[in-house]
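J.: Sequence and computational prediction follow.
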Amino acid sequence: MKDVKQDLTDRLLLLRSRYEVAFRADAGTGLAAEDLAAVVEAGLHDSLESALAAAHAIVDPADLATVAFWQTPLGVLLFAAGGFPHADLPQTLAARVLGCSRQYVSEMVKSGKLAAPHAKSRLVSAYGVRELLRRKLDKFVN
């Protein structure tokens, strides 16, 4: 599995290639893709709005609609930074993002550690998942 910086670098290089083909231009000016990826990654760790905007511009919108993307290191970091586009998400997606079972997510809802919009809903609060994820990531960093 790719790390966050490599995933961002690959996506930036693909965007550069698309730009060069579409506009028959050399996009070789400015920061190298690896340097820009490092800047965006650092900004996502700090939940900077500019980094969120940059990451959303880099990631294909079709990827944002897939469970597969949100369980990648880049997807997890983007989620933790507040980049998930909806207020609620299915418990199965929450489990993938958090790296746990759906049953554990269900137990967190029942115990009140994670909010659900309705009592019998299979949805959970994206904000609640984000906070749990940020605490989990903080343990790895600190």
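T.: On my side now, so go ahead.

J.: How about the secondary structure of Leu89?
T.: Three-state call for Leu89 (DSSP: H, G, I helix; E, B strand; the rest coil): strand.

J.: and it, what is it in contact with?
T.: Residues near Leu89 by Cβ atoms under 8 Å, 6 or more residues apart in numbering: 97, 123-124, 126, 129. For the C-beta atoms, the positions are set from N, CA and C on the backbone; glycine is no exception.

J.: same deal with Asp60?
T.: Arg11.

J.: any idea how far it is from Asp138?
T.: Distance, Asp60 to Asp138, by Cβ to Cβ, to the nearest Å: 29 Å.

J.: okay, now Leu44: neighbour count?
T.: For Leu44, the count of nearby residues is 23 (other Cβ atoms under 10 Å).

J.: same thing with Ser121?
T.: Ser121 has 12 nearby residues by other Cβ under 10 Å.

J.: Need the three-state assignment for it.
T.: coil.

J.: Look at it and report its pLDDT.
T.: pLDDT, Ser121: 79.

J.: Which parts of this structure are helices?
T.: For the chain, the helices defined by DSSP state H occupy 4-23, 33-45, 49-58, 61-64, 67-70, 73-80, 91-98, 102-111, 126-141.

J.: and stretch 53-64, how far from the chain's centre?
T.: The gap between where stretch 53-64 is centred and where its chain is centred comes out at 9 Å by Cα atoms, centre = their mean, to the nearest Å.

J.: Ends of that stretch, what's the gap?
T.: 13 Å (Cα to Cα, to the nearest Å).

J.: Pull out the buried positions in that stretch.
T.: The neighbour-count check on stretch 53-64 (16 or more other Cβ atoms under 10 Å) flags 54-55, 58-59, 64 as buried.

J.: Can you list the low-confidence ranges for this structure?
T.: The model of the chain has pLDDT under 70 over residues 21-31, 119, 141-142.

J.: Outline the domain layout of it.
T.: Split into domains by automatic domain parsing, the chain comes to 1-66, 86-142.

J.: How far does the first one stretch from one end to the other?
T.: Start and end residues of domain 1-66 are separated by 16 Å (Cα to Cα).

J.: can you give me how far it is from the chain middle?
T.: 13 Å.

J.: ok, back up a step: make a markdown table out of the helices of the chain and add distance to His118.
T.: Formatted as a markdown table, those follow (distance: least, Cβ to Cβ, whole Å):
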| stretch | distance to His118 |
| --- | --- |
| helix 4-23 | 34 |
| helix 33-45 | 31 |
| helix 49-58 | 28 |
| helix 61-64 | 24 |
| helix 67-70 | 22 |
| helix 73-80 | 22 |
| helix 91-98 | 12 |
| helix 102-111 | 11 |
| helix 126-141 | 14 |
